[in-house]
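K.L.:
Sequence first, predicted coordinates after that:
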Amino acid sequence: MILLPKDISELEKSALSWLHKRGVELEDIAELVFYLQAKYFKDLTMEDCRFNVERVLKKREVQHAILTGIQLDVLAEQNKLAAPIQDIIYRDENMYGIDEVIALSIVNVYGSIGFTSYGYIDKQKPGILKKLNDHESGSVHTFLDDIVGAIAAAASSRLAHSFAGDIPEVTIKSKETDGEKEE
Ligand code: MG
């Protein structure tokens, strides 16, 4: 029997498993957080980054954004959407910005540092974001790339606020639960 943490909901399980199915691991997102925050915190560890990614993924609005965006990517990949949106999402058309709008519902869950980090990482496209943007792969990741960037940006914001003491319950080093409400 696989023992899952008691506090993991069906919705979170589903969101995590879709991320995995679409080639994104928590470690990949933690690496983006490290990329964004290492210059500000010299003792930053990958463990700190991963912890904050996990906390962001506990938010219901984040889980909803993941599940919605990935479904649209998958349907476009299977050619199951109606014209003209099928073609727009399939080709990841430049002027289509709804992928970013969905991502914005994630970016702001931990304050405005997330907003600037999201813009920065979207331009730089490090790590997994470069892979997701490789249109040669035949996969459609029109929504997923923005969602992954947004999770990393929100986790960066959370990390910065917790180091600053704005999330006082958090003890990053000990990985104690921070007692946050999940909604
Ligand atoms: Mg996109």
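P.N.:
In hand now; what should we look at? Numbers count the residues shown, from 1 in each chain.
K.L.:
Show me what counts as buried in the helix or strand hosting residue 63.
P.N.:
Per DSSP states H and E: residue 63 is located in helix 60-77. Within helix 60-77, the residues that count as buried by 16 or more other C-beta atoms under 10 Å are 62, 63, 65, 66, 69, 70, 72, 73, 74, 75, 76, 77. Heads up, the C-betas are built off the backbone N, CA and C, glycines and all.
K.L.:
Check stretch 120-129 too.
P.N.:
121, 122, 127, 128, 129.
K.L.:
tally of neighbours for the one residue in the chain that gets nearest to the ion?
P.N.:
The chain approaches the ion most closely through residue 99 (3.8 Å), counting by C-beta to the ion. For residue 99, the neighbour count with other C-beta atoms under 10 Å is 20.
K.L.:
Show me what the helix or strand where it lies packs onto, helices and strands only.
P.N.:
Using DSSP H and E, residue 99 maps to helix 98-107. If you count contacts as 3 or more C-beta pairs under 8 Å, 6 or more residues apart in numbering; DSSP states H and E, helix 98-107 packs onto helix 60-77, helix 113-124, helix 144-163.
K.L.:
Pipe the ones you listed into CSV and attach mean pLDDT and distance to the ion per row.
P.N.:
Below are those laid out as CSV (pLDDT from 0 to 100; distance: least, C-beta to the ion, whole Å):
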stretch, mean pLDDT, distance to the ion
helix 60-77, 97, 9
helix 113-124, 93, 8
helix 144-163, 95, 4
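K.L.:
show me the residues around the residue nearest the centre of the chain that make contact.
P.N.:
With distances taken as C-alpha atoms, centre = their mean, the chain has residue 151 as the residue nearest its mean C-alpha position (2.5 Å). The contact partners of residue 151, by C-beta atoms under 8 Å, 6 or more residues apart in numbering, come to 29, 53, 56, 57, 62, 66, 106.
K.L.:
among those, who's most crowded?
P.N.:
Ranking those using other C-beta under 10 Å puts residue 106 first, with 30 neighbours.
K.L.:
since we're on the closest residue to it other than its chain neighbours, how many residues are nearby?
P.N.:
Sequence neighbours aside, residue 150 is the residue nearest to residue 106 in space, at 3.9 Å (criterion: C-beta to C-beta, 6 or more residues apart in numbering). By the criterion of other C-beta under 10 Å, residue 150 has 31 neighbours.
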